[in-house]
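Undergrad: Okay, predicted coordinates and the sequence, questions at the end:
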Amino acid sequence: MMSGQDKVVDARGNYCPMPLMKLVEAMKEVDIGRTVEVWSSDSGSQRDISRWAEKMGHEVVAVNHEQGYDRIKVRRRK
Amino acid sequence: MAIIVFSGTVDKLMPVGVLTSGAVAMDMDVDLFFTFWGLTAIRKDTVDANSRFSKDFEDMGATLSQLMKQKQVPRWSDMVRNAKKLGNVRVHACSMTYDLMGMKKEELDDMVDDIIAVGEFIDRARDAKITLFI
């Protein structure tokens, strides 16, 4: 199901590879141009997701470090 | 990516689930070849109830199992099932072990796509960029 809305995926407390897998699933559900923001407490997520986005042709538009987790926002480019 | 899944203990099956997930996320096809103890791990009656740990880390098995449950880490089998939904993952059962153990098709979990011999697996694996034996 496509959605014209941006999405937030709360994967806090999930371990690798779950935050990435949740992002992969959510990305399929938003329109091109929309964003998915993953909240992850997994220490590898930021680098993992950045690399994934680069490989898949998407764009990391923001990374915010919060208390105990990161918010990583990715824009769907294709 | 091609993985020969020889082991049947949870500590070694977990990386099978994690690596398969990662490969699918990165848009790679995955071939999993379950042989020997790996094949016993995809029987319907053990696939989701497996709590075996490697002998060399047996003392830590119970603690780790409890931690994984408590922290809601998905089972390796559910990771493979989810990866199958997201991408191109083929689960092969080794015909040699299957015949040797006198197994029946209906005893195998639904994640299994087919029962194949070594030649076909090698032919599928020959072009894989990543090949692992776990």
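TA: Noted; the coordinates are in hand. Keep in mind that what you see is a predicted model, and the values were worked out from it rather than measured.

Undergrad: how much space is there between residue B:51 and chain A?
TA: 19 Å (Cβ to the nearest Cβ, to the nearest Å). From N, CA and C alone the C-beta is placed, and that goes for glycine too.

Undergrad: from chain A, which residue is nearest to chain B?
TA: Nearest residue of chain A to chain B: residue A:17, at 4.3 Å (Cβ to the nearest Cβ).

Undergrad: Can you get me a residue count around the residue nearest to that residue when sequence neighbours are not counted?
TA: With sequence-adjacent residues excluded and distances taken as Cβ to Cβ, 6 or more residues apart in numbering or on different chains, residue A:17 is closest to residue B:21, at 4.3 Å. Other residues near residue B:21 come to 26 when the count uses other Cβ atoms under 10 Å in any protein chain shown.

Undergrad: Same check on residue B:36?
TA: Residues lying near residue B:36 (other Cβ under 10 Å) number 17.

Undergrad: And the one 5 residues further on, by the same measure?
TA: The criterion is other Cβ under 10 Å. On that basis, residue B:41 has 23 neighbouring residues.

Undergrad: helix, strand or coil for the residue lying closest to it once chain neighbours are set aside?
TA: In this structure, residue B:41 finds its nearest non-sequential neighbour in residue B:8, 4.2 Å apart by Cβ to Cβ, 6+ apart. Residue B:8 falls in the coil class when you classify it by DSSP: H, G, I helix; E, B strand; the rest coil.

Undergrad: check contacts around residue B:8.
TA: Shown in contact with residue B:8 (Cβ atoms under 8 Å, 6 or more residues apart in numbering or on different chains): B:36, B:37, B:38, B:39, B:40, B:41, B:50, B:52.

Undergrad: Good, we can wrap up now.
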